[in-house]
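Asks: predicted model and sequence follow; I will ask about them next.
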Amino acid sequence: MKFLPQYLKTEFYTYYSQKSVSELKSDLNDLFEYKRYDFSVNLSGEFINQNEFQVTKKISFVFSKNGSTASTKLKCKLYTDNKSTLIDIAVKPSPQLYVWTIIPALFALLILYSIILHSTNDLTVGIIIIAILFMLPFAARFYGQAAKNELKMTFADTFKLTKV
């Protein structure tokens with residue numbers, strides 16, 4: 001998918017931890033326990049299988065029931081390599097960013113076509129609407145990249161991970 005902008009692509013990182021896999025799993029289990037009232041760490045998640053898990057934010061700009069479908073998420077895999085604990089992280093953007101990137105631009109083109117075809121008297125209103133609709137993808141771009149970076153950095157800081 002080379003045609004997608006960078007903020008819509010899944011990014012891959014590898015981090016190193018000084019803790020063992022079992023210690024990290026224990027810390028992750030403590031984090032993943034359902035503690036609605038505890039906001040000391042704004043992370044939540046679940047184990048997919050023994051060494052794979054996904055992480056989302058508890059509180060996000062995008063509202064959803066449990067953060068599983070509407071927010072940016074990390075898909076992580078724990079493994080040991082030469083007595084070192086490594087974590088492969090895939091940062092996946094919010095699926096809603098695709099909508100906020102493509103749909104407003106299409107509506108703007110449709111309104112522009114309508115203004116040109118019908119030459120309405122409300123040219124200034126049409127131009128203002130078009131400008132707003134063309135700005136939404138740029139806002140989605142900045143939000144998408146910021147959400148990915150912030151989730152990745154929050155996770156790395158919480159578990160004191162260093163980038164490989």
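Replies: Received, thanks.
Asks: ok, how many other residues are close to the residue nearest to residue 123 when sequence neighbours are not counted?
Replies: Of all residues not flanking residue 123 in the chain, residue 115 sits nearest, at 6.4 Å (CB to CB, 6 or more residues apart in numbering). Glycine gets a C-beta too; all of them are placed from N, C-alpha and C. Counted with other CB atoms under 10 Å, the neighbours of residue 115 add up to 17.
Asks: which helices and strands sit right next to the helix or strand containing residue 115?
Replies: Assigned by DSSP states H and E, residue 115 belongs to helix 96-118. The contact analysis (3 or more CB pairs under 8 Å, 6 or more residues apart in numbering; DSSP states H and E) places helix 96-118 against helix 123-158.
Asks: quick one, the helix it packs on and helix 96-118 angle?
Replies: With axes from the mean of the first three to the mean of the last three CA atoms, to 10 degrees defining the directions, helix 123-158 sits at 170 degrees from helix 96-118.
Asks: tell me the contacts of residue 27?
Replies: 19, 159 (CB atoms under 8 Å, 6 or more residues apart in numbering).
Asks: could you report the pLDDT at it?
Replies: We have a pLDDT of 91 for residue 27.
Asks: how about it, secondary structure?
Replies: Look at residue 27: counting by DSSP: H, G, I helix; E, B strand; the rest coil, its state is helix.
Asks: measure it to residue 163 for me?
Replies: Plainly put, residue 27 is 19 Å away from residue 163 if you go by CB to CB, to the nearest Å.
Asks: let me see the contact set for the residue positioned nearest the centre of the chain.
Replies: The centre of the chain sits closest to residue 72, judged by CA atoms, centre = their mean, with a distance of 2.3 Å. Contacts here follow CB under 8 Å, 6+ apart; on that basis residue 72 touches 56-57, 60, 91-94, 144, 147-148, 151.
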